[in-house]
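# With the input below, show me the fold.
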Amino acid sequence: MRATAAVAFSLLLSSVAGVPQSPAGIFAEANKLYQNGEFSGAELLYKRLVEARSDSGALFYNLGNACFKQRRLGEAIYYWEKAQRKLPGDRDVKENLELAGLLVVDRIEIPSDPLPVRLIDWAAHFLTIDQESWVILILFLCANAMLGLYLMVPGRRSSWGRAGSIAAAFLLLIFCSSLGWKLYEQHWKREGIIVEQKADIRSGPGPGNVTVFTVHEGIKVRIRGELAGWYQVSLANGWTGWLEKDSLRIL
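Here you go, the predicted model:
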(Lines give C-alpha, C1' and ligand atoms only; values in the text may rest on other atoms or scores of the structure.)
Protein backbone atom coordinates (compact mmCIF):
# COMPACT_ATOMS: atom_id res chain seq x y z
CA MET A 1 0.00 0.00 0.00
CA ARG A 2 2.87 2.39 0.84
CA ALA A 3 4.59 1.60 -2.44
CA THR A 4 1.42 2.30 -4.41
CA ALA A 5 0.88 5.60 -2.63
CA ALA A 6 4.52 6.59 -3.16
CA VAL A 7 4.30 5.89 -6.88
CA ALA A 8 1.05 7.86 -7.17
CA PHE A 9 2.57 10.79 -5.26
CA SER A 10 5.64 10.69 -7.50
CA LEU A 11 3.50 10.77 -10.62
CA LEU A 12 1.48 13.67 -9.21
CA LEU A 13 4.61 15.68 -8.49
CA SER A 14 5.97 14.93 -11.95
CA SER A 15 2.72 16.03 -13.54
CA VAL A 16 2.73 19.29 -11.60
CA ALA A 17 6.36 19.89 -12.50
CA GLY A 18 5.56 19.41 -16.14
CA VAL A 19 7.55 16.20 -16.64
CA PRO A 20 6.10 14.22 -19.58
CA GLN A 21 4.48 10.91 -18.59
CA SER A 22 5.14 8.86 -21.72
CA PRO A 23 8.27 6.64 -21.55
CA ALA A 24 9.82 8.48 -24.50
CA GLY A 25 9.08 11.83 -22.84
CA ILE A 26 10.52 10.75 -19.50
CA PHE A 27 13.63 9.41 -21.25
CA ALA A 28 14.10 12.67 -23.15
CA GLU A 29 13.62 14.71 -19.96
CA ALA A 30 16.15 12.53 -18.13
CA ASN A 31 18.66 13.03 -20.94
CA LYS A 32 18.11 16.78 -20.74
CA LEU A 33 18.75 16.78 -17.00
CA TYR A 34 21.91 14.74 -17.54
CA GLN A 35 23.21 17.17 -20.17
CA ASN A 36 22.56 20.04 -17.76
CA GLY A 37 24.64 18.34 -15.07
CA GLU A 38 21.67 17.34 -12.89
CA PHE A 39 22.78 13.74 -12.58
CA SER A 40 20.71 12.77 -9.53
CA GLY A 41 17.52 14.06 -11.17
CA ALA A 42 18.34 12.18 -14.37
CA GLU A 43 18.98 9.03 -12.35
CA LEU A 44 15.57 9.26 -10.67
CA LEU A 45 13.80 9.52 -14.02
CA TYR A 46 15.82 6.69 -15.55
CA LYS A 47 14.94 4.50 -12.56
CA ARG A 48 11.27 5.35 -12.99
CA LEU A 49 11.50 3.80 -16.44
CA VAL A 50 13.26 0.74 -15.03
CA GLU A 51 10.53 0.36 -12.41
CA ALA A 52 7.99 0.57 -15.24
CA ARG A 53 9.77 -2.47 -16.76
CA SER A 54 11.60 -0.61 -19.51
CA ASP A 55 14.81 -2.51 -20.10
CA SER A 56 16.47 -1.10 -23.21
CA GLY A 57 20.21 -1.10 -23.52
CA ALA A 58 20.26 2.68 -24.01
CA LEU A 59 18.36 3.18 -20.75
CA PHE A 60 20.78 1.05 -18.74
CA TYR A 61 23.75 2.72 -20.43
CA ASN A 62 22.55 6.22 -19.57
CA LEU A 63 21.66 5.18 -16.03
CA GLY A 64 25.16 3.80 -15.59
CA ASN A 65 26.58 7.10 -16.81
CA ALA A 66 24.46 9.02 -14.29
CA CYS A 67 25.70 6.81 -11.45
CA PHE A 68 29.30 7.15 -12.62
CA LYS A 69 29.03 10.94 -12.63
CA GLN A 70 27.96 10.71 -8.97
CA ARG A 71 31.03 8.56 -8.21
CA ARG A 72 29.06 5.38 -7.54
CA LEU A 73 31.31 3.02 -9.43
CA GLY A 74 29.61 -0.20 -8.38
CA GLU A 75 26.17 0.86 -9.55
CA ALA A 76 27.60 2.28 -12.77
CA ILE A 77 29.25 -1.05 -13.57
CA TYR A 78 26.04 -2.88 -12.68
CA TYR A 79 23.98 -0.88 -15.18
CA TRP A 80 26.66 -1.00 -17.86
CA GLU A 81 26.79 -4.79 -17.48
CA LYS A 82 23.02 -4.89 -18.00
CA ALA A 83 23.41 -2.62 -21.02
CA GLN A 84 26.03 -4.93 -22.50
CA ARG A 85 23.63 -7.86 -22.24
CA LYS A 86 21.13 -5.89 -24.31
CA LEU A 87 23.76 -4.39 -26.66
CA PRO A 88 26.56 -6.98 -26.81
CA GLY A 89 28.39 -5.30 -29.69
CA ASP A 90 28.09 -1.69 -28.54
CA ARG A 91 31.47 0.05 -28.51
CA ASP A 92 30.56 2.77 -25.99
CA VAL A 93 29.34 0.23 -23.43
CA LYS A 94 32.48 -1.85 -23.89
CA GLU A 95 34.78 1.16 -23.48
CA ASN A 96 32.96 2.34 -20.35
CA LEU A 97 33.31 -1.09 -18.76
CA GLU A 98 37.00 -1.20 -19.66
CA LEU A 99 37.52 2.23 -18.09
CA ALA A 100 35.59 1.21 -14.98
CA GLY A 101 37.70 -1.93 -14.71
CA LEU A 102 40.78 0.26 -14.31
CA LEU A 103 39.13 2.07 -11.39
CA VAL A 104 38.09 -1.02 -9.44
CA VAL A 105 40.17 -1.42 -6.28
CA ASP A 106 40.43 -5.22 -6.27
CA ARG A 107 42.73 -6.95 -8.73
CA ILE A 108 41.79 -10.61 -9.05
CA GLU A 109 44.46 -12.58 -10.85
CA ILE A 110 43.00 -15.38 -12.98
CA PRO A 111 44.64 -17.28 -15.84
CA SER A 112 43.55 -16.18 -19.29
CA ASP A 113 41.50 -18.65 -21.34
CA PRO A 114 43.11 -20.07 -24.49
CA LEU A 115 42.44 -18.14 -27.69
CA PRO A 116 39.98 -20.74 -29.12
CA VAL A 117 37.92 -20.59 -25.92
CA ARG A 118 37.85 -16.78 -26.04
CA LEU A 119 36.75 -16.85 -29.69
CA ILE A 120 33.96 -19.33 -28.95
CA ASP A 121 32.80 -17.23 -26.00
CA TRP A 122 32.82 -14.08 -28.16
CA ALA A 123 30.82 -15.80 -30.90
CA ALA A 124 28.32 -17.23 -28.40
CA HIS A 125 27.60 -13.77 -26.98
CA PHE A 126 27.70 -11.79 -30.22
CA LEU A 127 23.90 -11.81 -30.50
CA THR A 128 21.23 -11.31 -27.85
CA ILE A 129 18.66 -13.98 -27.00
CA ASP A 130 15.97 -12.19 -29.03
CA GLN A 131 18.24 -11.77 -32.05
CA GLU A 132 19.33 -15.40 -31.92
CA SER A 133 15.71 -16.56 -31.67
CA TRP A 134 14.93 -14.76 -34.93
CA VAL A 135 17.98 -16.30 -36.61
CA ILE A 136 16.84 -19.77 -35.51
CA LEU A 137 13.35 -19.16 -36.90
CA ILE A 138 14.75 -18.02 -40.26
CA LEU A 139 17.13 -21.00 -40.45
CA PHE A 140 14.29 -23.37 -39.60
CA LEU A 141 12.18 -21.96 -42.44
CA CYS A 142 15.14 -22.09 -44.84
CA ALA A 143 15.94 -25.69 -43.94
CA ASN A 144 12.34 -26.74 -44.59
CA ALA A 145 12.16 -24.79 -47.85
CA MET A 146 15.37 -26.38 -49.11
CA LEU A 147 14.20 -29.83 -48.04
CA GLY A 148 10.95 -29.26 -49.92
CA LEU A 149 12.93 -28.23 -53.01
CA TYR A 150 14.98 -31.43 -52.75
CA LEU A 151 11.92 -33.66 -52.42
CA MET A 152 9.65 -32.00 -54.95
CA VAL A 153 11.89 -30.70 -57.74
CA PRO A 154 13.72 -33.24 -59.92
CA GLY A 155 17.05 -32.76 -61.60
CA ARG A 156 20.00 -30.57 -60.66
CA ARG A 157 17.91 -28.23 -58.52
CA SER A 158 17.21 -31.07 -56.11
CA SER A 159 20.94 -31.34 -55.33
CA TRP A 160 20.99 -27.64 -54.46
CA GLY A 161 17.99 -28.21 -52.21
CA ARG A 162 19.71 -31.12 -50.48
CA ALA A 163 22.94 -29.18 -49.91
CA GLY A 164 21.03 -26.10 -48.74
CA SER A 165 18.90 -28.06 -46.28
CA ILE A 166 21.97 -29.76 -44.80
CA ALA A 167 23.79 -26.42 -44.43
CA ALA A 168 20.74 -24.74 -42.88
CA ALA A 169 20.23 -27.68 -40.50
CA PHE A 170 23.89 -27.51 -39.45
CA LEU A 171 23.68 -23.78 -38.74
CA LEU A 172 20.37 -24.34 -36.97
CA LEU A 173 22.05 -26.85 -34.64
CA ILE A 174 24.86 -24.39 -33.85
CA PHE A 175 22.53 -21.49 -33.10
CA CYS A 176 20.20 -23.69 -31.02
CA SER A 177 23.19 -24.79 -28.94
CA SER A 178 24.26 -21.16 -28.49
CA LEU A 179 20.74 -20.11 -27.50
CA GLY A 180 20.53 -23.00 -25.04
CA TRP A 181 23.77 -21.86 -23.42
CA LYS A 182 22.49 -18.28 -23.14
CA LEU A 183 19.27 -19.47 -21.50
CA TYR A 184 21.29 -21.59 -19.08
CA GLU A 185 23.43 -18.58 -18.16
CA GLN A 186 20.38 -16.37 -17.73
CA HIS A 187 18.43 -18.72 -15.48
CA TRP A 188 21.08 -20.82 -13.70
CA LYS A 189 24.37 -18.93 -13.82
CA ARG A 190 23.44 -16.08 -11.49
CA GLU A 191 25.91 -13.21 -11.23
CA GLY A 192 25.94 -9.92 -9.42
CA ILE A 193 27.95 -6.74 -8.92
CA ILE A 194 29.17 -5.46 -5.55
CA VAL A 195 27.68 -1.97 -5.07
CA GLU A 196 28.92 -1.21 -1.55
CA GLN A 197 32.26 0.62 -1.36
CA LYS A 198 33.54 -2.12 0.91
CA ALA A 199 31.94 -5.49 1.71
CA ASP A 200 33.13 -8.26 4.03
CA ILE A 201 32.87 -11.82 2.79
CA ARG A 202 32.28 -14.13 5.75
CA SER A 203 32.70 -17.82 6.40
CA GLY A 204 28.96 -18.27 6.91
CA PRO A 205 25.60 -16.48 6.65
CA GLY A 206 25.55 -14.09 9.58
CA PRO A 207 27.52 -11.17 11.07
CA GLY A 208 28.95 -13.42 13.77
CA ASN A 209 31.00 -15.44 11.29
CA VAL A 210 34.65 -14.77 10.55
CA THR A 211 35.55 -12.37 7.72
CA VAL A 212 37.58 -14.40 5.25
CA PHE A 213 38.29 -11.58 2.81
CA THR A 214 37.01 -8.15 1.75
CA VAL A 215 35.89 -6.90 -1.66
CA HIS A 216 35.12 -3.45 -3.02
CA GLU A 217 32.52 -1.97 -5.34
CA GLY A 218 32.45 -3.03 -8.96
CA ILE A 219 33.57 -6.64 -8.52
CA LYS A 220 31.50 -9.27 -10.32
CA VAL A 221 30.70 -12.41 -8.32
CA ARG A 222 28.97 -15.72 -9.00
CA ILE A 223 25.99 -16.48 -6.75
CA ARG A 224 26.03 -20.04 -5.44
CA GLY A 225 23.19 -19.92 -2.94
CA GLU A 226 21.24 -17.75 -0.50
CA LEU A 227 19.98 -17.95 3.05
CA ALA A 228 18.23 -15.48 5.38
CA GLY A 229 19.40 -12.22 3.81
CA TRP A 230 22.79 -13.53 2.71
CA TYR A 231 24.24 -14.71 -0.61
CA GLN A 232 26.89 -17.36 -0.96
CA VAL A 233 29.24 -15.99 -3.63
CA SER A 234 32.44 -16.93 -5.38
CA LEU A 235 35.05 -14.83 -7.14
CA ALA A 236 36.64 -15.56 -10.49
CA ASN A 237 39.71 -16.96 -8.72
CA GLY A 238 37.62 -19.51 -6.79
CA TRP A 239 37.42 -17.78 -3.40
CA THR A 240 34.02 -18.28 -1.78
CA GLY A 241 32.09 -16.91 1.18
CA TRP A 242 28.88 -15.27 2.34
CA LEU A 243 27.81 -11.68 1.66
CA GLU A 244 24.88 -9.57 2.87
CA LYS A 245 22.26 -9.20 0.13
CA ASP A 246 22.18 -5.40 0.36
CA SER A 247 25.80 -5.25 -0.82
CA LEU A 248 25.00 -6.88 -4.15
CA ARG A 249 22.89 -6.22 -7.24
CA ILE A 250 21.77 -9.26 -9.26
CA LEU A 251 22.40 -9.04 -13.00
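
# Mind telling me which residue is nearest the centre of the protein?
Nearest residue to the geometric centre of the chain (CA atoms, centre = their mean): residue 82, 2.9 Å.

# Now for that residue: which residues touch it?
55, 60, 251 (CB atoms under 8 Å, 6 or more residues apart in numbering). Any C-beta I mention is one placed from the backbone N, CA and C, and that applies to glycine too.

# Looking at the residues you listed, spot the one nearest residue 36.
residue 60 (21.1 Å; CB to CB).

# nearest residue to that closest one other than its sequence neighbours?
Excluding its sequence neighbours, the residue lying closest to residue 60 (CB to CB, 6 or more residues apart in numbering) is residue 83, at 3.8 Å.

# On the pLDDT front, check that neighbour for me.
With respect to pLDDT, residue 83 scores 94.

# Can you say which helix or strand has it in it?
Element membership for residue 83 (DSSP states H and E) is helix 73-86.

# Would you tell me what the next helix or strand after the helix or strand hosting residue 119 is?
According to DSSP H and E, residue 119 maps onto helix 115-124. Downstream of helix 115-124, the next assigned helix or strand under DSSP H and E is helix 129-152.

# model confidence over that next one, on average?
In this model, helix 129-152 carries a mean pLDDT of 80.

# packing partners for that helix?
Counting contacts by 3 or more CB pairs under 8 Å, 6 or more residues apart in numbering; DSSP states H and E, helix 129-152 packs against helix 156-187.

# Just the residues contacting the longest strand seen in the chain, thanks.
For the chain, the longest strand by residue count, based on DSSP state E, is strand 220-227. By CB under 8 Å, 6+ apart, the residues outside strand 220-227 that reach it are 77, 81, 189-194, 205, 215, 231-236, 240, 242-243, 245, 248, 250-251.

# Flag every buried residue along that strand.
Buried positions in strand 220-227, judged by neighbour count with 16 or more other CB atoms under 10 Å: 220-223.

# circling back to that earlier point, among the contacts of strand 220-227, which ones are buried?
Buried members of the contacts of strand 220-227, scored by 16+ other CB under 10 Å, are 77, 81, 190, 192-194, 205, 215, 231-233, 235, 242-243, 248, 251.

# Nearest to residue 32 among these?
For the buried ones among the contacts of strand 220-227, the nearest to residue 32 is residue 77 (24.9 Å; CB to CB).

# residues in contact with that closest one?
Counting by CB under 8 Å, 6+ apart, residue 77 makes contact with 64, 97, 100, 104, 193, 217-218, 220.
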